[in-house]
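Enquirer: got a sequence here, can you build the structure:
(one chain, ligands or ions: 2)
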Amino acid sequence: MFKENTIRLGIAPIAWTNDDLPELGGENTFEQCVSEMALAGFTGSEVGNKYPRDTEVLKKALSLRGLQIASAWFSAFLTTKPLEETVEAFIEHRDFLHAMGAKVIVVSEQGKSVQGQAVPVYKAKPVFTEEEWKLLVAGLHRLGELAAEKDMTIVFHHHMGTGVQTTAEIDKLMELTDPNLVSLLFDTGHLVFSGEDPIPVLKKHLPRIKHVHLKDIRPEVVARVKEEDLSFLQAVKAGAFTVPGDGSIEFDEVFTTLAASDYTGWFVVEAEQDPALANPLEYAMKARRYIGEKTGL
Ligand SMILES: O=C1C[C@@H](O)[C@H](O)[C@@H](O)C1=O
Ligand SMILES: [Co+2]
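Expert: Ligands and ions are numbered 1, 2, ... in the order given. As a prediction, this is how the structure comes out:
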């Protein structure tokens with residue numbers, strides 16, 4: 001289905017230890033996490049808070065297990081803080097990822113985000129003013145230029161509880177930004193959680209999609225999140241997300257559309273849930289098996 005050597009399969013450490021909710025998987029060590037990623041058949045990882053920041057130490061631990069760093073999340077505050085604050089933090093993050101050999105940098109706008117707050121994630125989602133959109137676009141162009149200095153690309157992460165969550169907001173961001181400076185991360189779970197159809201988003205923005213997060217949704221939990229006005233983190237704890245193949249998302253068209261495109265890069269399985277309820281190794285293996293069956297990868 002996919003052309004040879006175009007896709008690499010990674011998995012995010014968030015299923016072992018959750019940076020947004022440290023009580024989930026606090027007992028799981030870095031070594032356990034990366035060993036189990038490799039055991040499940042993945043060759044890449046994103047970065048969690050238990051990962052060593054010394055690039056040589058990290059490289060050694062990863063290469064022993066046949067793993068590479070695909071990317072890592074960066075929180076930008078372009079709509080709420082002076083640009084230079086985000087730029088300074090971004091340069092440090094970019095240089096770390098560059099030293100680790102990554103080519104894409106995941107950027108999320110956390111200005112006004114409610115993803116970490118104890119408020120209803122649907123009702124309290126921010127809506128940017130035109131002034132905030134201008135700040136976001138100008139700031140992303142600056143980050144895109146800084147990434148290009150190292151031959152890297154920023155991939156914007158649309159996300160629940162943020163100002164870029166819905167199809168309309170993604171369309172607007174893509175329209176307002178320069179394709180040479182700002183690419184898109186396609187995250188199946190966040191789109192479906194928000195109530196979007198992921199396929200039109202994928203098809204419309206395919207040439208700009210440079211990174212993919214594969215996560216599935218448990219619709220009965222999402223229904224509860226709406227009914228009970230739960231926050232994003234309560235939703236995660238309740239099991240809104242799971243690995244591809246374990247929820248309601250139909251991945252066939254996601255895979256066939258990407259296979260027919262020029263996409264080359266990482267598919268990162270990212271399924272944060274409570275590791276005490278969903279054994280991370282078991283779920284990583286389940287995801288790997290499902291992707292293999294659907295794609296031949
Ligand atoms: O890419 C991601 C990183 C996490 O920190 C985030 O909350 C998660 O939902 C996600 O998609
Ligand atoms: Co994601």
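
Enquirer: residue 31 contacts residue 61, doesn't it?
Expert: Yes - with contact defined as Cβ atoms under 8 Å, residue 31 reaches residue 61; the gap is 7.2 Å. The way it works is simple: take the backbone N, C-alpha and C, and place the C-beta from them, glycine included.

Enquirer: so which of the two has more stuff around it?
Expert: residue 61 (16 against 12; other Cβ atoms under 10 Å).

Enquirer: okay, how far is it across stretch 191-210, tip to tip?
Expert: 16 Å (Cα to Cα, to the nearest Å).

Enquirer: over to stretch 256-266?
Expert: Terminal residues of stretch 256-266 lie 16 Å apart, using Cα to Cα.

Enquirer: same thing with stretch 75-91?
Expert: 12 Å.

Enquirer: and if you look at stretch 255-269?
Expert: Termini of stretch 255-269 sit 13 Å apart (Cα to Cα).

Enquirer: residues contacting that stretch, please?
Expert: Stretch 255-269 has contacts (Cβ atoms under 8 Å, 6 or more residues apart in numbering) with 1-3, 6-12, 42, 44, 46, 70-71, 103-104, 199, 202-203, 206-207, 209-215, 243-244, 284, 287-288, 291, 294-295, 297.

Enquirer: just checking, which of those belong to helices?
Expert: Assigned to helices by DSSP state H, the following of the contacts of stretch 255-269 qualify: 199, 202, 203, 284, 287, 288, 291, 294, 295.

Enquirer: for residue 252, give its distance to residue 294.
Expert: To residue 294, residue 252 is 7 Å away according to Cβ to Cβ, to the nearest Å.

Enquirer: try residue 258
Expert: Taken as Cβ to Cβ, the span from residue 258 to residue 294 is 11 Å.

Enquirer: more neighbours: which of those two?
Expert: For the pair residue 258 and residue 294, the greater number of neighbours falls to residue 258 (23 against 16), based on other Cβ under 10 Å.

Enquirer: and for the biggest helix by length in the chain, what's in contact with it?
Expert: Secondary structure of the chain per DSSP H: the longest helix is helix 130-148. Helix 130-148 is contacted from outside by 76, 78-79, 83, 86-87, 90-91, 94, 105, 107, 109, 111-112, 128, 153-154, 156, 163-164, 172-173, 176-178, 180-182, using Cβ under 8 Å, 6+ apart.

Enquirer: any of these buried? List them.
Expert: 76, 78-79, 86, 90, 94, 105, 107, 109, 111-112, 128, 153-154, 156, 163-164, 172-173, 177, 181-182 (16 or more other Cβ atoms under 10 Å).
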